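Enquirer: from the sequence below, what's the structure:
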Amino acid sequence: MSLKSIKNKKVFKILTNTFVLIFIPFLVWMLFFDENSYLTHRKFNKEIEDLERTISFYQLKIASDKATIDKLGDSLQLERFARETYLMKRENEDIYIIEFDTLQK
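Expert: Model prediction:
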């Protein structure tokens, strides 16, 4: 193939077009090197998804804590919670903690 036959091909004409020669570096710059590049947007989108998962976790935690607070309005439930969670006891009362070790085979 000679240089003249290569220059006459349609692909060569398209690739040597002034607009294409300007557009390709512009496209590469915008996708990879610019401050608002595709890679930056992908990183921010991943961070947004992580934050949304964190928000939903804490919203569920807040709802369960509100339910616990509502339950603890009753004095008997409050006493039961204090005994189980903080191992509190009444005077002249002994507490025995029994731990069960499960055998794994």
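
Enquirer: I97: how many residues sit nearby?
Expert: 5 (other CB atoms under 10 Å). C-beta coordinates here come from the backbone N, C-alpha and C atoms, glycine included.

Enquirer: same check, this time on S75
Expert: S75 sits with 8 neighbouring residues when counted by other CB under 10 Å.

Enquirer: quick check: it vs W29, distance?
Expert: 69 Å (CB to CB, to the nearest Å).

Enquirer: measure how buried L27 is and give me the count.
Expert: The local packing of L27 (other CB under 10 Å) involves 10 other residues.

Enquirer: when you give positions from now on, start the count at 273
Expert: Happy to do that; since the first residue is 273 now, the last one works out to L299.

Enquirer: that one: helix or strand, and which one exactly?
Expert: When elements are assigned from DSSP states H and E, L299 belongs to helix 290-300.

Enquirer: pull out the buried positions in whichever helix or strand comes after that helix.
Expert: The first helix or strand that comes after helix 290-300 along the chain, using DSSP H and E, is helix 310-343. Applying a neighbour-count criterion of 16 or more other CB atoms under 10 Å, one finds nothing buried in helix 310-343.
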